[in-house]
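>>> Just to be clear, the model below is a prediction. Sequence and coordinates:
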Amino acid sequence: MAENNVAVIFAGQEYVDGNDRAASFFRRQGFTELRREDGDVAGWPQTVWMIHRTQVVEPEGRTRR
């Protein structure tokens, strides 16, 4: 049995905590929360980092360079 060449691609995006429209958009697109970072200045909202994992399968006989 031949093995498939598989590449896993991660896409990252960020938005500012409190931006509910951005949070909802990224969740609908399949992103999940990766981490949060405090704002640069005390009292500023956190930055929310989102990540999306995509798996790409290459056709048989092709190699990724």
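Perfect, I can see it now.

>>> Could you use CA atoms for every contact and neighbour count after this?
Fine.

>>> now the helices for this structure?
20-28 (DSSP state H).

>>> where are the low-confidence patches of it?
1-4, 58-65 (pLDDT under 70).

>>> where along it do the strands fall?
Listed in chain order, the strands of the chain (DSSP state E) span 5-16, 32-37, 47-58.

>>> JSON lines for those, including mean neighbour count and distance to residue 24?
Formatted as JSON lines, the strands of the chain follow (neighbours: other CA atoms under 10 Å; distance: least, CA to CA, whole Å):
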{"stretch": "strand 5-16", "mean neighbour count": "13", "distance to residue 24": "11"}
{"stretch": "strand 32-37", "mean neighbour count": "14", "distance to residue 24": "11"}
{"stretch": "strand 47-58", "mean neighbour count": "15", "distance to residue 24": "11"}
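
>>> Please tabulate the ones you listed in a markdown table, including the columns distance to residue 25.
A markdown table is the format used below for those (distance: least, CA to CA, whole Å):
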| stretch | distance to residue 25 |
| --- | --- |
| strand 5-16 | 11 |
| strand 32-37 | 11 |
| strand 47-58 | 11 |
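
>>> Quick check, central residue of this protein?
Taking CA atoms, centre = their mean as the criterion, residue 51 is the residue nearest the geometric centre of the chain, at 1.9 Å.

>>> Just give the closest residue to that one, not the sequence neighbours.
residue 12 (4.5 Å; CA to CA, 6 or more residues apart in numbering).

>>> Tell me how far that neighbour lies from residue 40.
20 Å (CA to CA, to the nearest Å).

>>> May I ask you to confirm that residue 53 is in contact with residue 29?
No - Residue 53 lies out of contact with residue 29 (CA atoms under 8 Å); the separation is 10.9 Å.

>>> My read is that the residue nearest to residue 51 contacts residue 50, right?
Yes - using CA under 8 Å as the test, residue 12 is close enough to residue 50 to be in contact (5.6 Å).

>>> Tell me who's in contact with residue 17.
Residue 17 is in contact with 45, 46, 47, 48, counting by CA atoms under 8 Å, 6 or more residues apart in numbering.
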